[in-house]
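1. predicted model and sequence below, questions to follow.
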Amino acid sequence: MNITLVLKNSDGTETEFDKILSFAFRKDIYQPYTSLSVKTSAETFSPENISEVKFFIDGRLIHHGLSDNITFTKISGGAVVSVSSRGFTSMLIQNQIATGLKSNISINTLMDGFYSLPYVTHEDNSKTSYIFVKSSSSMWDGIVNLSYKVCGTYPYIRGTNCVRMTAFENPSAFAYQDSEIISRGISETGRKLVSHFHMSDIEGNFGEFEIEDNDVKSLNIVRHRFIELDRQFLYNPQQALEYRSAYASRGRKRIFCTYSGYRGEDLYDTADFGSVSGERIGAVIISGNGSGVVTEISVYRDKFLSDGI
């Protein structure tokens, strides 16, 4: 496979590397950015003033992001450039907007009306609700809050830096035969599960707003969480508990497979392998070295992605 790293300087010049020693790329619906680490051999390079990191597999741009860290190291017989990067949507968790109640907010107005973030795009969706911006909360927190209110979903990144709340309309379908699968499996985590949420009313009293998860209780997990009235769901307090219960179950069950190569899978495309039939892809991990490229595809079964629907 043809693998290329491109580093762009703030003056517009680009340096291309095609002698990739190793790399690891990750994309997950519960991570608001793509992440990349890569090592490549180089004769000479200056890691100063890098404004963009691009990573291509067979001409397909799979990562476009900021430079988190770049190191140039001379070694016996040559030199190595080490890069770590997160997609430009990572700035959504690093930017805040003024606190308070924001009425008639859609993802269009939220993404376009406050800051212009380079290369960050979003689905066109004019459905509105209100958001309550708490102290120290990020733009991503507002997107998450809005997405759950208007769509009942958790937002995710499609392509390199496109924010979406709804399922992609025209997903690609990927089928993996047993003969080509290197490994496959299933995992389940109970570490984040919460059995009971309790929320106070506007006067600080508990007892009116509560939710319990009998499925979690059946696992002998007893975890009670007490929270103050969540003004993000002021018009529907019970929804605040429903969201927290869903968030605590995110990624609870994961079914995955690995194969040699990369076909261009993205989040919310569909996958078929083993017992998985047409379920939405929840995570893509691609890694490679001198031996080749391996891709891991995961589907989640939780309260946001129940059976991939």
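-> Alright, I've got the coordinates. No experiment lies behind these values; they were computed from the predicted model shown.

2. Phe206 sits in which helix or strand?
-> For Phe206, there is no enclosing helix or strand under DSSP states H and E.

3. make 639 the first number, not 1, from now on.
-> In the new count, where the first residue is 639, that last one comes out as Phe844.

4. residues touching it, list them.
-> Taking C-beta atoms under 8 Å, 6 or more residues apart in numbering, we find Phe844 in contact with 836-838, 864. (Each C-beta comes from the backbone N, C-alpha and C, glycine too.)

5. same question for Lys646.
-> Residues near Lys646 by C-beta under 8 Å, 6+ apart: 652, 688-692.

6. who touches stretch 904-920?
-> Residues from elsewhere that reach stretch 904-920, judged by C-beta under 8 Å, 6+ apart: 665-667, 794-797, 802, 805-806, 809-814, 816, 819, 822, 889, 892-893, 895, 903, 921-922, 935-939, 943, 945-947.

7. show the backbone phi and psi for Gly725.
-> Recorded main-chain torsions at Gly725 are phi -60, psi 160, according to degrees, to the nearest 10.

8. tell me the confidence at it?
-> Looking at Gly725, its pLDDT stands at 98.

9. ok, now Asp649?
-> On the pLDDT scale, Asp649 is placed at 93.

10. what's the neighbour count on the closest residue to Leu643 other than its chain neighbours?
-> By the measure of C-beta to C-beta, 6 or more residues apart in numbering, the closest residue to Leu643 outside its immediate chain neighbours is Phe655, 4.4 Å from it. Neighbouring residues of Phe655 were enumerated by other C-beta atoms under 10 Å; the total is 20.

11. what segments of the stretch 839-947 of the chain are helices?
-> Along the stretch 839-947 of the chain, the segments classed as helices by DSSP state H, counting those that start in this stretch run 852-855, 875-886.

12. mind putting the contacts of Lys646 into JSON lines with secondary structure and distance to Ile713?
-> Formatted as JSON lines, the contacts of Lys646 follow (DSSP: H, G, I helix; E, B strand; the rest coil; distance: C-beta to C-beta, whole Å):
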{"residue": "Glu652", "secondary structure": "strand", "distance to Ile713": "24"}
{"residue": "Ile688", "secondary structure": "strand", "distance to Ile713": "21"}
{"residue": "Ser689", "secondary structure": "strand", "distance to Ile713": "27"}
{"residue": "Glu690", "secondary structure": "strand", "distance to Ile713": "26"}
{"residue": "Val691", "secondary structure": "strand", "distance to Ile713": "22"}
{"residue": "Lys692", "secondary structure": "strand", "distance to Ile713": "25"}
